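**Q** Give me coordinates for this.
(chains A and B, ligands or ions: 2)
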Amino acid sequence: MNNHVVSSNTFLTISTYLTGYSEVELLGTGMLETYFNVFLEKFSPETLHYFFAEVDEILLESAGDEDQINAAIAARLIPDSAYDGIAKNIILVWYTGNWGSDVISTQSYQQGLMWDTAEAHPPGAKQPGYGSWANLPIRIPTK
Amino acid sequence: MEKKTKEEFDVVIVGSGIAGSVLAKTLTNAGKNVLLLEAGLQAGMAFDPEAAYKNYQYYIDTFYKASAKVPNSPYPNIKDAQSIDVLDIEPITQTNSPSTKGYLVQAGPLPFGSDCLRGPGGTTLHWLGSTPRMLPNDFQMQTLYGQGVDWPITYDELMPYYEMAENEIGVSGNVEDQVGPDMSIENYGEGYVFPMKEIPQSYLDQVCIEKTQNLKVKLYGKEYTITCISTPQGRNSIPNPAYKFAGTYWNKKAQKLELAKNNEEYEPVGAIWDQNTGHRCEGNASCVPICPVQAKYNALKTLRKSDPKRLKIITQAVASKIYTDEITNAITGIEYKKYKYENSTVYDTAIARGKIYVLAASAIENAKILLTSGIANSSDQVGRNLMDHLVMLTWGLLPEKAYPYRGPGSTTNIPTFRDGEFRKEHAAWISPIDNWGWSWPVFSPGSDVSSAVSSGMFGKKLRSHLNDVLPRQLLLHFECEQTPDPNNRVTIDPQYKDQLDNYRPVIHYNASEYMKKSFEAAKKVSDQIFAANGVEDYTAYSVANDPDYVTYKGQGYNFWGAGHIVGTHRMGSSKEDSVVDKNQRTWDHENLYLVGCGNMPTLGTSNPTLTMTALSFKAAEAILKQLEN
Ligand SMILES: Cc1cc2nc3c(=O)[nH]c(=O)nc-3n(C[C@H](O)[C@H](O)[C@H](O)COP(=O)(O)OP(=O)(O)OC[C@H]3O[C@@H](n4cnc5c(N)ncnc54)[C@H](O)[C@@H]3O)c2cc1C
Ligand code: SF4
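**A** Numbers count the residues shown, from 1 in each chain, chains lettered A, B, ... in the order given. Ligands and ions are numbered 1, 2, ... in the order given. Predicted coordinates:
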């Protein structure tokens, strides 16, 4: 079996399509390696291999066409029957910082994307300062 | 083996929560020698900056890593002195009666819904910090509305002590805003201001206020005008230059406690590890369960201001029994079990001795210790009249984004139903507007993520769906005032003990028709507020969602505990029907005082800690008088 397909680069790329966050945003959490290792630990090498091979194929055949990639993801990665649910778990880990109900680390809690999506911050961390809550959230234009 | 402590103190206090800490600070600064027994771990009692910081960071890390971020989640829950925990609440059914999952033995029919923290500093470590005063009418529930009992003191008598409590906690607020039924600036003295200016009301509050301020609602054929006001609270803000008080001191000559005048600007009280940290609330939005910068008040801030030369603290010391003199009925000592280390089953038993004794172990524990000792109970009221605010929650989606999950838990409340003739028929309530989305009832935002993902959503669609929904979440509370019922009570049973062979409290608890009617009423009001704001209602009540589920006129309602554990050793004007007098001294034992919310004969609609702190100052004053005469 060819194991080199299981790479953190591919993990990052497919994570962008699964989460809707860009590579820069995902890398900005500082969590890529940690999360990649969680998947290496939680799933069998076979399942990971098949999953990553499927991802490579989807990326290759769609040649960057987002609609096509999304359609392929919906059909081939998202169903619970596909690869022991790896894809859905990737989304949950990035958004919540949790594996199931376990918090992966103190950092993962603070880096959960759901707080960013809510235009807030994780309670107890990244505090925005006195009185900030009385105003609209500060937004940094992304483009 | 029993050891007797050789030293004798002026006062022995059990518990280092806000009640015990106010006593320790006031008494030691008045020159009295105090022994404080605290059940929690020594590490939490660190005042040396480095150790205090390290311990607190450990709490924060524990909170980050906790899968259920409930109020007690950052703090150690040790088997030698277990805390009541909301994670242990489960439905009480025929096959599960009583429920014995946690420290409490819940006999039902409904489970008691609140927790508290056994550890240095007590429950203020995870309280929210809202500090409205009670209303003058709250002190006369029987006379005015035929419900509950009257207090043995009036609002006016309590006024100077309220000022001491607001000084101690460091309240931020705007007196001029405090307008509502039975509530105006006259409830405060002429020219009175809080130590700090009001905490800014959230953006979400402002969105709600726009269509809710002066909204007319109908309830049972009567019209009411809804108002929204800023909530006074115990977290640091900008000092009010007009505030002119330093701290509370014992005026020996006048034999009373007084607030010292101060010509300098009020200085916010910072973190215990660094006075310069936490001078402003920084918007961590995690006040419950932990404020990372200690901008929010906690009792360790008070305890730290005690006179260290006159204060001896023994931690890991669980008070278990009180001894009395058979002839005089005076208390002769408090037995405590000192365990060696966390969860250890090994302990030494010792007896603490003083001239006066104070129980400040919080309402349920105080009652349990009294019942264990068979004392202070000639009225048969010990353990009875357990109360809480029964919090009905309603939640929905606003038509526009209001950006919750930011700022302190609540910065605005609706006082409209805090008082009125309707109190003859159903409970009154205060309605805080919540700043933290749907996190309380349905564990948002995690639950929103998992349900969207399990429905197959992913990628940009998922991101924009969550970004559309989460910032529109609105949660309202209806904190309904539970009235005293002698059958809502704490008892003990030899079948149920903990690992130090101390009794576990057995709780009997229910919600009366008077309470249930207030849920119906509150829901009717909520519906009208939601309609006026174009809020899509997502409220759903079920026993699966929360075991405190009741039906009224065919409709189901959930209520949640507010953490306001009140009433188990009520204060009154006669020995026959109350446990303590208006100075918080037990009628039966002239050298035993009880402090804490257990003394409150009725609850009112305000969060109870400010009032309880005022009463604790009153108790401290009475103790000083007793010691000096
Ligand atoms: C989630 C939550 C939010 C809250 N928010 C608010 C709010 O916004 N406003 C408000 O007014 N109130 C609020 N409250 C209530 C408030 O926290 C309590 O009223 C207050 O902290 C009680 O203080 P206390 O000193 O009486 O008891 P505690 O703070 O509970 O302290 C009791 C102390 O006694 C010790 N002890 C217990 N048993 C023993 C024993 N056998 N021997 C020795 N020591 C013992 C404990 O370790 C502890 O130190 C909230 C409560 C909760 C749970
Ligand atoms: S909002 Fe944050 S800084 Fe302010 S009191 Fe709460 S936890 Fe502390």
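**Q** Give me the pLDDT value at A:T142.
**A** Note on A:T142: pLDDT of 53.
**Q** hmm, I was thinking of B:E8
**A** 80.
**Q** now B:Y336
**A** So, for B:Y336, pLDDT stands at 98.
**Q** if I've got this straight, it is in a strand?
**A** Yes - the assignment for B:Y336 by DSSP: H, G, I helix; E, B strand; the rest coil puts it in a strand.
**Q** if I look at it, how far off is B:I369?
**A** To B:I369, B:Y336 is 10 Å away according to C-beta to C-beta, to the nearest Å. C-betas here are computed from N, CA, C, even on glycine.
**Q** Toward the C-terminus, what is the element adjacent to the longest helix along chain A?
**A** For chain A, the longest helix by residue count, based on DSSP state H, is helix A:45-62. As assigned by DSSP states H and E, the chain's next helix or strand after helix A:45-62 is helix A:66-76.
**Q** coming back round to it: now list whatever residues contact both of B:Y336 and B:I369.
**A** By C-beta atoms under 8 Å, 6 or more residues apart in numbering or on different chains, B:Y336 and B:I369 have these common neighbours: B:14, B:319-320.
**Q** So which bits of stretch B:223-243 are buried?
**A** Using 16 or more other C-beta atoms under 10 Å in any protein chain shown as the test for burial, stretch B:223-243 gives B:224, B:226-240, B:243.
**Q** Count the residues that sit near the residue in chain A that ligand 2 sits nearest to.
**A** Closest residue of chain A to ligand 2, C-beta to the nearest ligand atom: A:Q127 (6.0 Å). Neighbour count of A:Q127, defined by other C-beta atoms under 10 Å in any protein chain shown: 22.
**Q** Find the helix or strand that it is a member of.
**A** For A:Q127, there is no host helix or strand (DSSP H and E).
**Q** So which residues on chain A come close to ligand 2?
**A** A:Q127 (C-beta under 6 Å from any ligand atom).
**Q** Let's see that with 8 Å instead.
**A** When proximity is defined by C-beta under 8 Å from any ligand atom, chain A lies next to ligand 2 at A:123-124, A:127, A:133.
**Q** Might you report the residue contacts of the residue most central in space within chain B?
**A** Closest to where the C-alpha atoms of chain B average out (C-alpha atoms, centre = their mean) is B:H564, at 4.4 Å. If you count contacts by C-beta under 8 Å, 6+ apart, B:H564 has them with B:114, B:387-389, B:597, B:603, B:607-608.
**Q** I figured B:N502 hits B:Y339, correct?
**A** No - with contact defined as C-beta atoms under 8 Å, B:N502 does not reach B:Y339; the gap is 10.9 Å.
**Q** Tell me the confidence at B:V595?
**A** Per-residue pLDDT puts B:V595 at 98.
**Q** swap that for A:Y50, please
**A** pLDDT, A:Y50: 97.
**Q** Against ligand 1, how distant is B:S286?
**A** Between B:S286 and ligand 1 the computed distance is 12 Å (C-beta to the nearest ligand atom, to the nearest Å).
**Q** quick one, phi psi at residue 42?
**A** Using chain A. Main-chain dihedrals, A:K42, degrees, to the nearest 10: phi -90, psi -20.
**Q** Wait, chain B was what I had in mind.
**A** Torsion angles, degrees, to the nearest 10, at B:Q42: phi -60, psi -40.
**Q** and it, how far is that from B:Y509?
**A** Applying C-beta to C-beta, the value for B:Q42 to B:Y509 is 34 Å.
**Q** sorry, back to before: show me what the longest helix of chain A is packed against.
**A** helix A:8-19, helix A:66-76, helix A:86-96 (3 or more C-beta pairs under 8 Å, 6 or more residues apart in numbering or on different chains; DSSP states H and E).
**Q** How about the residue of chain A found nearest chain B, nearest residue that isn't a chain neighbour?
**A** Chain A approaches chain B most closely through A:W133 (2.7 Å), counting by C-beta to the nearest C-beta. Counting by C-beta to C-beta, 6 or more residues apart in numbering or on different chains, the nearest residue to A:W133 once its immediate chain neighbours are dropped is B:G407, at 2.7 Å.
**Q** contacting residues for the one you found?
**A** B:G407 makes contacts with A:132-134, B:200, B:202, B:281, B:283, B:285, B:435, as judged by C-beta under 8 Å, 6+ apart.
**Q** Now do the helix or strand hosting B:Q57: everything it contacts.
**A** Assigned by DSSP H and E, B:Q57 belongs to helix B:49-65. Contacts to helix B:49-65, defined as C-beta under 8 Å, 6+ apart, come from residues A:103, A:105-106, A:109-110, A:124-125, B:43-44, B:46, B:69, B:73-75, B:125, B:271-274, B:286, B:289-290, B:292, B:294.
**Q** next one: stretch B:528-548
**A** By C-beta under 8 Å, 6+ apart, stretch B:528-548 touches B:89-92, B:110-111, B:113, B:208, B:211-212, B:215, B:217-218, B:226, B:390, B:393-399, B:438, B:441-442, B:474, B:476, B:511, B:526-527, B:549, B:556-561.
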